[in-house]
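Trainee: Take a look and give me a structure for this.
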Amino acid sequence: MLNNLNIVVLAAGQGKRMKSALPKVLHPIAGSPMLHRVLDTARALKPSAICVVYGHGGEQVRAKTNDDKLLWAKQEPQLGTGHAVQQALPHLSSDGVALILYGDVPLISANTLAALVAAARADKLAWLTMTVANADGLGRILRDQKNHVQAIVEHKDATDAQRQIKEINTGFLACPVAWLAHWLPKLKNANAQGEYYLTDILAMAVAEGRAVETHSPAAEWEITGINSKDQLAQLERIYQLEIAKRLMAEGTSLADPARIDVRGTLTCGDGTICDVAIDVNCIFEGKVHLAPNVKIGANCILKDCSIGESTEILPFTSIDSATIGKGARIGPYARIRPDTTLADNTHIGNFVEVKASSVGVGSKANHLSYIGDTTIGENVNVGAGTITCNYDGANKHRTVIEDNVHIGSDVQLVAPVIIGKGATIGAGTTVWKDAPPAALTLNRKEQTTLTNWQRPTKLKSK
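Mentor: I've put the predicted structure just below:
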């Protein structure tokens with residue numbers, strides 16, 4: 001833990017341009033609310049305290065941010081960034097260092113912030129700035145002839161000459177808390193917005209002879225803020241491309257780096273060998289691991305799952321909270337639901353759904369079946385159209401299918417039921433009672449042919 005590091009996250013903005021009842025900072029980037037991404041980065045610095053300044057939709061923000069270690073400060077009304085930080089001051093350690101973050105700037109990196117904190121610990125005001133191609137609408141950094149920072153001027157308050165400056169204020173800063181407590185009460189709102197700008201403390205620091213140090217992030221997307229759905233979508237694609245670059249650098253083959261979405265954590269290979277191949281339009285949610293030589297077909301959705309070495313997931317397959325072994329073949333159009341474990345060399349084919357079940361080594365269900373609350377042994381063949389009837393309208397019941405069972409097509413297994421080792425279940429059979437091992441179980445049916453029967457014809461309309 002960094003002793004007396006106090007992080008303030010400003011998250012009170014309304015976000016009118018989002019056109020949404022959802023508070024701006026709760027809109028997701030890569031599957032996680034913006035604010036949560038900022039808080040995860042803040043926690044990576046191991047601070048003594050994190051204070052979130054909230055306002056519009058504040059109760060919803062607090063309800064969606066489940067962390068009893070967070071401190072909260074309400075800003076009402078919203079009178080600017082300087083006013084926002086002032087609301088957090090009572091929660092900060094007077095002999096600590098303050099780091100200011102923003103709930104709508106979700107991709108700032110811990111490495112960038114660590115550099116600011118290190119400078120602030122040396123009794124400096126550390127400010128994050130960046131030179132950009134298009135500075136329209138952004139605050140400009142004013143420097144003297146010796147290149148020393150003098151002040152920040154907001155775009156609306158800048159002269160034409162100042163608007164030609166390309167070095168911009170990102171808003172991120174760090175300094176001793178005592179300095180903030182000294183400067184914030186002195187802020188004035190004599191500007192085009194009528195707000196108390198946090199940026200004005202920089203000029204105060206210069207006037208008092210305080211040391212000011214600037215840093216820049218590694219990439220512009222780190223300091224990109226979100227004010228509209230358009231900006232959110234643009235940053236989403238930028239971030240996803242960064243994820244794709246990392247995956248490819250680690251040995252993953254992507255059919256199209258622009259058509260992958262990682263909404264959580266995706267790891268591929270074993271650190272030495274990868275050879276994972278991912279086709280287009282795949283979505284990875286939560287924590288997903290793909291072992292070496294896994295192949296993922298187009299349009300698959302994988303969530304909180306682990307896929308074993310040399311397994312192939314065919315197109316349009318959905319896997320949620322499951323573990324799949326080596327050399328398996330899943331899909332196309334298969335659905336693997338939570339609490340499912342598929343062992344090595346299993347086959348789950350097209351339009352097969354498996355839920356809360358375990359399937360043993362070498363077992364197969366290749367077509368049009370539902371397997372729920374079931375334990376399947378090794379080398380079992382489940383025929384097309386087989387259904388485990390696990391729900392009686394009130395409770396779920398379990399089906400057990402032992403090793404080397406062969407189940408014919410269009411079979412209903414009414415749980416609770418056990419199919420003994422080596423048993424065969426005839427096509428079209430409904431099994432209500434346990435089926436003995438190494439025997440054929442079937443429902444005998446008589447087939448009748450009516451030779452004089454006439455097929456109905458369609459009546460002509462009058």
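Trainee: rest of the way, CA atoms for contacts and neighbours
Mentor: Fine.
Trainee: Any regions of this structure where pLDDT drops low?
Mentor: Along the chain, the model assigns pLDDT under 70 to residues 1-3, 462.
Trainee: Go through it and flag its longest helix.
Mentor: When the chain is parsed with DSSP state H, its longest helix is helix 229-249.
Trainee: Could you list everything Arg140 pairs with in the sheet?
Mentor: Val153, Ile168 (DSSP bridges).
Trainee: residues touching it, list them.
Mentor: When contacts are counted by Cα atoms under 8 Å, 6 or more residues apart in numbering, Arg140 is found next to Ile152, Val153, Glu154, His155, Gln162, Arg163, Ile165, Lys166, Glu167, Ile168, Asn169.
Trainee: okay if I get these as CSV plus distance to Ala328?
Mentor: Formatted as CSV, the contacts of Arg140 follow (distance: Cα to Cα, whole Å):
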residue, distance to Ala328
Ile152, 60
Val153, 61
Glu154, 59
His155, 59
Gln162, 63
Arg163, 60
Ile165, 59
Lys166, 55
Glu167, 54
Ile168, 53
Asn169, 53
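Trainee: Which of those sits closest to Ile7?
Mentor: Asn169 (18.9 Å; Cα to Cα).
Trainee: one step back: buried set for the longest helix of the chain?
Mentor: For helix 229-249, a neighbour-count test (16 or more other Cα atoms under 10 Å) marks Leu232, Leu235, Glu236, Arg237, Tyr239, Gln240, Leu241, Ile243, Ala244, Leu247, Met248 as buried.
Trainee: excluding its backbone neighbours, what's nearest the fourth one?
Mentor: Closest residue in space to Arg237, ignoring its immediate chain neighbours: Ala258 at 7.6 Å, by Cα to Cα, 6 or more residues apart in numbering.
Trainee: what's the neighbour count on that neighbour?
Mentor: By other Cα atoms under 10 Å, 14 other residues sit near Ala258.
Trainee: can you redo the buried residues of helix 229-249 as TSV with distance to Ser216?
Mentor: Listed next are these as TSV, based on distance: Cα to Cα, whole Å:
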residue	distance to Ser216
Leu232	22
Leu235	19
Glu236	22
Arg237	22
Tyr239	19
Gln240	22
Leu241	21
Ile243	21
Ala244	24
Leu247	26
Met248	27
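Trainee: sorry, back to before: which is the succeeding secondary structure element to the longest helix of the chain?
Mentor: Downstream of helix 229-249, the next assigned helix or strand under DSSP states H and E is strand 253-254.
Trainee: If you count contacts, what does that next one end up packed against?
Mentor: Counting by 3 or more Cα pairs under 8 Å, 6 or more residues apart in numbering; DSSP states H and E, the packing neighbours recorded for strand 253-254 are helix 229-249, strand 277-278.
Trainee: I'd like to know how far the residue sitting furthest away from the middle of the chain sits from Leu459.
Mentor: Centroid-distance maximum for the chain: Asn452 at 65.4 Å, with Cα atoms, centre = their mean. Counting by Cα to Cα, to the nearest Å, the separation of Asn452 from Leu459 is 21 Å.
Trainee: packing partners for the longest helix of the chain?
Mentor: strand 28-29, strand 253-254, strand 260-268.
Trainee: Including distance to Pro106, could those strands go into JSON lines?
Mentor: Output for the helices and strands packed on helix 229-249, formatted as JSON lines (distance: least, Cα to Cα, whole Å):
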{"stretch": "strand 28-29", "distance to Pro106": "8"}
{"stretch": "strand 253-254", "distance to Pro106": "25"}
{"stretch": "strand 260-268", "distance to Pro106": "14"}
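Trainee: and His215, which of those is closest to it?
Mentor: Taking Cα to Cα, strand 28-29 is the member of these nearest to His215, at 25.2 Å.
Trainee: Quick check: closest non-adjacent residue to Ala49.
Mentor: Excluding its sequence neighbours, the residue lying closest to Ala49 (Cα to Cα, 6+ apart) is Asn6, at 5.0 Å.
Trainee: if I pick the one you found, what's in contact with it?
Mentor: Contacts for Asn6 (Cα under 8 Å, 6+ apart) come out as Pro47, Ser48, Ala49, Ile50, Cys51, Leu92, Ser93, Gly96, Val97, Ala98, Leu99.
Trainee: what about the fourth one, neighbour count?
Mentor: Yep, that's Ile50 we're talking about. Ile50 is flanked by 24 other residues according to other Cα under 10 Å.
Trainee: Same question for the first one.
Mentor: For Pro47, the count of nearby residues is 18 (other Cα under 10 Å).
Trainee: now it, what's its secondary structure?
Mentor: Secondary structure, DSSP: H, G, I helix; E, B strand; the rest coil: Pro47 is coil.
Trainee: That one against Leu39, yeah?
Mentor: No. When contacts are counted by Cα atoms under 8 Å, Pro47 is not listed as touching Leu39 (11.0 Å).
Trainee: residue boundaries of the strands in the stretch 351-462 of the chain?
Mentor: Taking DSSP state E, counting those that start in this stretch, the strands of the stretch 351-462 of the chain run over residues 353-355, 358-359, 364-367, 370-372, 374-376, 381-382, 387-389, 399-401, 406-407, 412-414, 417-419, 424-425, 430-431, 440-441.
Trainee: in its sheet, what does the longest one sit against?
Mentor: For strand 364-367, the paired strands and their directions (DSSP bridges) read strand 347-350 (parallel), strand 381-382 (parallel).
Trainee: Dump the longest helix of the chain to PDB, restricted to CA.
Mentor: What follows is helix 229-249, C-alpha atoms only, in PDB (Å, rounded to 0.1, in the frame of the first residue of the first chain):
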ATOM      1  CA  LYS A 229     -22.400   7.400 -27.600                       C
ATOM      2  CA  ASP A 230     -20.300   8.100 -30.700                       C
ATOM      3  CA  GLN A 231     -17.200   8.800 -28.600                       C
ATOM      4  CA  LEU A 232     -18.000   5.600 -26.600                       C
ATOM      5  CA  ALA A 233     -18.200   3.500 -29.700                       C
ATOM      6  CA  GLN A 234     -14.900   5.000 -31.100                       C
ATOM      7  CA  LEU A 235     -13.000   4.400 -27.900                       C
ATOM      8  CA  GLU A 236     -14.400   0.800 -27.700                       C
ATOM      9  CA  ARG A 237     -13.000   0.000 -31.100                       C
ATOM     10  CA  ILE A 238      -9.600   1.600 -30.300                       C
ATOM     11  CA  TYR A 239      -9.400  -0.400 -27.100                       C
ATOM     12  CA  GLN A 240     -10.500  -3.600 -28.800                       C
ATOM     13  CA  LEU A 241      -7.800  -3.100 -31.400                       C
ATOM     14  CA  GLU A 242      -5.200  -2.700 -28.600                       C
ATOM     15  CA  ILE A 243      -6.400  -6.000 -27.100                       C
ATOM     16  CA  ALA A 244      -6.100  -7.600 -30.500                       C
ATOM     17  CA  LYS A 245      -2.600  -6.400 -31.000                       C
ATOM     18  CA  ARG A 246      -1.600  -7.800 -27.600                       C
ATOM     19  CA  LEU A 247      -3.200 -11.200 -28.500                       C
ATOM     20  CA  MET A 248      -1.400 -11.400 -31.800                       C
ATOM     21  CA  ALA A 249       1.900 -10.400 -30.200                       C
END
